[in-house]
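1. can't give you the sequence, but here's the structure:
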């Protein structure tokens, strides 16, 4: 559960840094979550 909070914080930071809107952020999270169990975080 703590890792989910960390990931959420990373996505919030990426949203600010990369100037993502809500729709783009949602798509990025979905694409990152489809990594077959590997951790994928936000990258600008």
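-> Looks like it arrived, so ask away. These numbers come from a predicted model, not from an experiment.
2. show the subsequent helix or strand relative to the longest helix along the chain.
-> Longest helix of the chain, by residue count under DSSP state H: helix 2-18. Moving toward the C-terminus from helix 2-18, the next helix or strand (DSSP states H and E) is helix 22-33.
3. what angle separates that following helix from helix 2-18?
-> 130 degrees (axes from the mean of the first three to the mean of the last three Cα atoms, to 10 degrees).
4. buried residues, helix 22-33. List them.
-> Neighbour counts over helix 22-33 (16 or more other Cβ atoms under 10 Å) mark 25, 28, 29, 32 as buried. (Glycine included, C-beta is placed from N, CA and C.)
5. which strands or helices does it pack on?
-> Helices and strands touching helix 22-33, by 3 or more Cβ pairs under 8 Å, 6 or more residues apart in numbering; DSSP states H and E, are helix 2-18.
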